[in-house]
Structures are given as structure tokens and as C-alpha cells.
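Chemist: this one's sequence-less:
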């Protein structure tokens, strides 16, 4: 979920064949490509987004959300200190990814909730 988005989205983990965790593909900090890994969050309400700023100005200052096009600025951080996939730190429920328009993208549902140790 993005702090300026209107709806949550599902992280796309590519390519197929990645290791599975709780039946889902495991993500790394490099799964941060806009629209490839991180889909749209519906509409964006950040005034740092040029389309939102223009629409808000045209509406005489009334905040006017516009379609979200994520603009990530780098990899997710922090990565998992104990899990690596293909030499990259795994994604965890504390990882965040930043958007150039000021949004903070966070993991709402990590996909793995518990680990059973025999």
C-alpha cells in the first residue's frame, strides 16, 4: 500500500520459478520496478505528483486525485538480515519502498505469518 494511494495492490514477483514461502513466490529488495512489480494504487493524492498538482490547480485548489503511476526511487529497504535469494536480501514486513512523489510503499500482508520450527 502507498501512503498517497487509494487502494492496496498485489506485489508481482517475477520471474516465475522463484523459491516459494508459504506457497507464494519470495520477493527480494530488487522487486521494485513500477508497474512490473509494483502496480498502481488506484489514484494518487500527493501534490508532489505533477498530474495531481495540475488537476488541483485547475480545480481552484480543491485536491483532485489522479491515476497512480508509481515512481519508485530505489530498492526496498531494509531487506531481511537473515534471508537471501539469489544473493539479494529478501523482502520482509518491515521493508519500505519510496515513491518520487513522496509516498511510502509498505507491505500490508506479508504472505507468511509464522514459521514452525520442529
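Modeler: Sure, I can see it. Note that the coordinates shown come from a computational prediction; the quantities given were computed from them, not determined experimentally.
Chemist: would residue 54 count as being in a strand?
Modeler: No: assigned with DSSP: H, G, I helix; E, B strand; the rest coil, residue 54 falls outside any strand and is helix.
Chemist: list phi and psi for the closest residue to residue 49 other than its chain neighbours.
Modeler: Distances taken as Cβ to Cβ, 6 or more residues apart in numbering place residue 101 nearest to residue 49, at 4.2 Å, with adjacent residues excluded. Backbone N, C-alpha and C define where each C-beta goes, glycine included. Backbone torsions for residue 101, taken as degrees, to the nearest 10, come to phi -90, psi 10.
Chemist: any idea how far residue 62 is from residue 101?
Modeler: 19 Å (Cβ to Cβ, to the nearest Å).
Chemist: return the helix or strand in this protein with minimum mean pLDDT.
Modeler: Ranking every helix and strand in the chain by mean pLDDT, DSSP states H and E puts strand 20-21 at the bottom, with a mean of 80.
Chemist: quick one, phi/psi of the residue most central in space within the chain?
Modeler: Most central in the chain under Cα atoms, centre = their mean is residue 105, positioned 4.4 Å from the mean C-alpha point. Backbone torsions of residue 105, given as degrees, to the nearest 10, read phi -100, psi 130.
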